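Participant: Need coordinates for the below:
(one chain, ligands or ions: 2)
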Amino acid sequence: MADLEAPLVRPKRKKVWVDYFVQFRWILVIFVVLPISFTLYFLTYLGDVRSNWKSYKKRQEEHEENVKKVVKRLQERNPSKDGLVCTARKPWIAVGMRNVDYKRARHFEVDLSAFRNILEIDQERMIAKCEPLVNMGQITRATVPMNLALAVVAELDDLTVGGLINGYGIEGSSHLYGLFSDTVVAYEICLADGKVVRATKDNEYSDLFYAIPWSQGTLGFLMSAEIKLIPIKEYMKLTYKPVRGNVRDLAKGYIDSFAPGFGDEDNEMVPDFVETMIYNPHEGVCMTGVYASKEEAKMKGNKINSVGWWFKPWFYQHAQTALKKGEFVEYIPTREYYHRHTRCLYWEGKLILPFADQWWFRYSLGWLMPPKVSLLKATQGEAIRNYYHEMHVIQDMLVPLYKVPDALEWVDREMEVYPLWLCPHRLYKLPCKTMIYPEPGFEQERRQGDTPYAQMYTDIGVYYTPASVFRGEVFDGVDAVSRLESWLIENHGFQPQYAVSELDEKKFWRMFDAGLYEQCRNKYGAVGTFMSVYYKCKKGKKTEKEVQEAEKAQLETPYAEVEQAE
Ligand SMILES: NC(=O)C1=CN([C@@H]2O[C@H](COP(=O)(O)OP(=O)(O)OC[C@H]3O[C@@H](n4cnc5c(N)ncnc54)[C@H](OP(=O)(O)O)[C@@H]3O)[C@@H](O)[C@H]2O)C=CC1
Ligand SMILES: C=C(/C=C/[C@@H](C)[C@H]1CC[C@H]2C3=CC=C4C[C@@H](O)CC[C@]4(C)[C@H]3CC[C@]12C)C(C)C
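Facilitator: Ligands and ions are numbered 1, 2, ... in the order given. Presented below is the predicted three-dimensional model:
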C-alpha cells in the first residue's frame with residue numbers, strides 16, 4: 001500500500017515522426033478509410049438482405065454443402081508438408097489488437113467466408129442458429145423487430161459469433177447471462193479428422209462444449225452455434241447517475257448500482273443492463289437500463305433519445321453530461337442502445353478523428369462514421385501498430401467484483417487511462433474447470449453480487465492514451481501490460497486474448513487453466529492439426545524454429561511444468 005501513495009515521476013520524452021503520423025492520421029481516415037468503410041458497410045448490408053431472402057431451408061442446405069467443403073479441405077492437408085490449421089480470415093479483418101502473426105508464417109488455411117447466414121430463428125425454443133461469421137449488426141437487425149435478442153449482444157457491429165465464442169464476448173447484460181459463450185446451447189464443430197459433431201452441455205461431447213470458449217479455434221472449426229434468445233421490448237429506459245469521490249468511492253457507486261446481496265438474484269431492483277464509465281479519478285457515471293414498451297416510452301413527459309442517428313453526440317460524451325446536470329432518465333430505441341459504442345469505437349474514435357465529435361462534423365459527415373476497424377488496421381502500417389503497443393493501452397481486466405476498487409487504484413497509478421469502462425459479468429461454476437473459472441470457495445464468502453452458482457466479475461476496459469503520454473512523458477506500454485498481466489494473475493483475473501499479451505507460456509497457463517483444454521486437444525486429435533492457443537496468442541513474428549516446434553508438438557508440456565512447480 002505504501003508505494004501506492006508515492007506519485008510516479010516519469011522523465012520527459014522527445015516527440016518522433018510517428019507521433020505526428022498519429023496526430024495527422026485523420027487525413028487518411030477522412031479521404032480513404034471513411035468512404036471505403038461506408039461502401040463496405042453498405043455492401044455487407046446488401047449481402048445480409050440477400051441472405052434474408054433465402055428460406056431457412058435453403059440456408060440450411062447451403063450450410064450442409066459448405067460444411068462438406070470444409071471437411072474436404074481439411075482432409076486434403078498433408079500433415080508432413082502443410083502447416084498447422086487456422087481460418088483463412090485475413091489478420092487485419094479481425095476486430096482485435098493482436099497481430100495474428102501465425103497467419104503470416106507457414107499455416108494451412110480453411111476458408112469459412114461462406115458461413116455468414118442466420119440459419120434459423122426458432123421462436124418456440126428461443127434459439128438463434130447462426131453461422132460463425134454472422135455479426136452483431138446483422139443479428140440485431142434480424143431479431144430486434146421481432147422483439148427478440150441474443151441474451152448477450154456485443155456492441156460493435158462487426159464482431160462475429162465465431163470470434164465471440166472462440167474468444168470472449170461481453171455486454172451490459174452479462175451480469176445476468178454471463179459471457180457470450182455462456183448463452184450458447186449447442187456447437188456444431190468440425191474436428192481435426194473431419195468428423196462433424198454437435199456438442200451440448202449434456203451429450204457425449206460435453207467436455208468439448210465446455211472447452212470451446214477462449215480456445216481461439218484450436219480444438220476444431222465452429223460451423224454453427226445455437227444461441228439463447230430472450231424476449232425484449234422496443235426501448236431501453238436508461239438511468240444515468242453521477243458518482244464522485246476517490247476511485248474506491250467510484251467503485252462502490254458502481255457495485256451498488258446493480259449488485260444485490262449474496263444469492264438475492266431475484267431481487268426486482270436488478271436492472272437488465274449495466275455499465276459505468278469512469279471519466280477521471282474522481283468522477284464517473286453509472287448507467288442502469290430496463291427494457292420498456294413503446295407505449296411506456298411515448299407517455300407524456302418521457303424523453304426519447306435516438307442515440308444512433310449520425311448527428312447525435314457520441315454516447316460516452318452524452319453520458320458524461322450527467323456530471324453537470326445530475327441524474328437523468330431517458331428512453332433509447334433498443335437496437336440503437338445495443339450499438340451505442342459503435343459510432344465512436346467507445347472513445348478511441350476521438351484519437352483517430354479528434355474533431356468528429358464536433359457538431360459541424362457530425363451534421364455534415366457523421367453519416368460516414370464509424371471507420372471500419374479492419375480498414376484502420378489495414379492502413380495503419382507497422383509504425384502506428386507499434387505506437388499503439390508502446391504509447392497506448394487497449395486492454396481488458398476481468399476481475400472479481402470485490403477487487404474492482406483495488407484494480408481501479410492500480411490502473412490509476414500505473415496507467416492513468418481515462419475513460420474506463422466497467423461492465424459486470426457472471427462467471428459460472430461449471431461441472432468442469434474451464435480455461436477461466438471462479439475463485440475456489442468464493443461462495444463461502446457470500447459477497448455482494450455473487451450467487452451459490454456464479455461469482456460476479458467485472459470487465460474493466462482500459463482503452464486510450466495514458467495521461468503521461470499526453471503530458472509528453474515517457475511511457476513504456478510493453479512493461480505496463482506485463483505488470484497488468486502479473487496483477488491479474490495474482491488477483492485471479494483474466495485478460496481477453498484479442499488484446500496484445502506479453503505473457504510467456506508458463507505465465508499464460510498460470511492465468512488460464514489448461515486441464516480440460518489439454519484433455520480435449522488430445523482426445524479430439526487437435527494436437528498436430530490445429531495450432532495451440534498459446535502459439536496463437538503469443539506476441540511477435542514467428543521464427544521458422546518456432547513454427548517447426550509447433551508443428552511437431554505432441555504434448556503441450558509447459559502446462560505440466562506449471563503443475564510441478566506449484
Ligand atoms: N464486446 C465485446 O465482447 C468485444 C469483444 N472483442 C474481441 O474481439 C474478438 C472478436 O473479433 P472477431 O473479428 O469477431 O473474431 P476473430 O476473427 O478475431 O476471431 C477470434 C478467434 O476466434 C477464432 N475463430 C473465429 N471463427 C472461428 C470458427 N468458425 N472456428 C474456429 N475458430 C474461429 C479465430 O481463429 P483464426 O485465428 O483461425 O481465424 C480467432 O482465434 C473476440 O475474441 C473478442 O475478444 C472486441 C471488442 C468488443
Ligand atoms: C473489448 C471491448 C472493446 C474493445 C474496443 C475498444 C477495441 C477492440 C479492438 C480495438 C481496436 C482495434 C484496432 C484498431 C486499429 C488502430 O489503428 C487504432 C485503434 C483500433 C481502432 C482499436 C480501437 C479499440 C478497439 C475497437 C469490449 C468488451 C468493451
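
Participant: Does stretch 123-138 reach ligand 2?
Facilitator: No: Stretch 123-138 does not reach ligand 2 (Cβ under 6 Å from any ligand atom); its nearest approach is 11.5 Å. (Glycine included, C-beta is placed from N, CA and C.)

Participant: Look at that stretch and report the distance between its end residues.
Facilitator: Taking Cα to Cα, to the nearest Å, the first and last residues of stretch 123-138 lie 18 Å apart.

Participant: Equivalent analysis for stretch 75-83, please.
Facilitator: 13 Å.

Participant: how about the spatially closest residue to residue 442 that is not a sequence neighbour, what does it touch?
Facilitator: Using Cβ to Cβ, 6 or more residues apart in numbering and skipping the chain neighbours, the partner closest in space to residue 442 is residue 455 (4.4 Å). Taking Cβ atoms under 8 Å, 6 or more residues apart in numbering, we find residue 455 in contact with 400, 401, 426, 427, 429, 438, 439, 442, 443.

Participant: unless I'm mixing things up, the fourth one is touching residue 435, no?
Facilitator: This means residue 427. No: judged on Cβ atoms under 8 Å, residue 427 makes no contact with residue 435 at a distance of 11.4 Å.

Participant: Look at residue 233 and say how many residues are nearby.
Facilitator: As a burial measure, residue 233 scores 17 neighbours (other Cβ atoms under 10 Å).

Participant: Where does it sit, in terms of helix or strand?
Facilitator: Following DSSP states H and E, there is no helix or strand that holds residue 233.

Participant: ok, it to residue 293 distance?
Facilitator: Here residue 233 is placed at a distance of 5 Å from residue 293 (Cβ to Cβ, to the nearest Å).

Participant: Leaving out the residues flanking it, which one is nearest to the residue most central in space within the chain?
Facilitator: Nearest to the mean C-alpha position of the chain, counting by Cα atoms, centre = their mean, stands residue 169 at 4.3 Å. Nearest residue to residue 169 in three dimensions, chain neighbours excluded: residue 180, at 2.9 Å (Cβ to Cβ, 6+ apart).

Participant: quick one: contacts for the one you found?
Facilitator: By Cβ under 8 Å, 6+ apart, the residues touching residue 180 are 150, 152, 154, 164, 165, 168, 169, 170, 171.

Participant: ok, the first one touching residue 138?
Facilitator: By that I understand residue 150. No: Residue 150 lies out of contact with residue 138 (Cβ under 8 Å); the separation is 11.3 Å.

Participant: Among these two, which residue is more densely surrounded?
Facilitator: Taking other Cβ under 10 Å, residue 150 and residue 138 do not tie; residue 150 has more neighbours (28 against 24).

Participant: Tell me what the more buried one is bridged to.
Facilitator: residue 229 (DSSP bridges).

Participant: Quick check, the residue in the stretch 151-300 of the chain closest to ligand 2?
Facilitator: Per Cβ to the nearest ligand atom, the residue of the stretch 151-300 of the chain with the smallest distance to ligand 2 is residue 170, at 4.8 Å.

Participant: Surely that residue is in contact with residue 426?
Facilitator: No: applying Cβ under 8 Å, one finds residue 170 not in contact with residue 426, separated by 10.5 Å.

Participant: neighbour count winner among the two?
Facilitator: Per other Cβ under 10 Å, whichever of residue 170 and residue 426 has more neighbours is residue 170, with 25 against 22.

Participant: what are the phi and psi values for residue 85?
Facilitator: The phi and psi values for residue 85, taken as degrees, to the nearest 10, are phi -90, psi 140.

Participant: Who are the contact partners of the residue in the chain sticking out farthest from the centre?
Facilitator: Distance to the chain centre peaks in the chain at residue 300, reaching 38.0 Å (criterion: Cα atoms, centre = their mean). By Cβ under 8 Å, 6+ apart, no residues touch residue 300.
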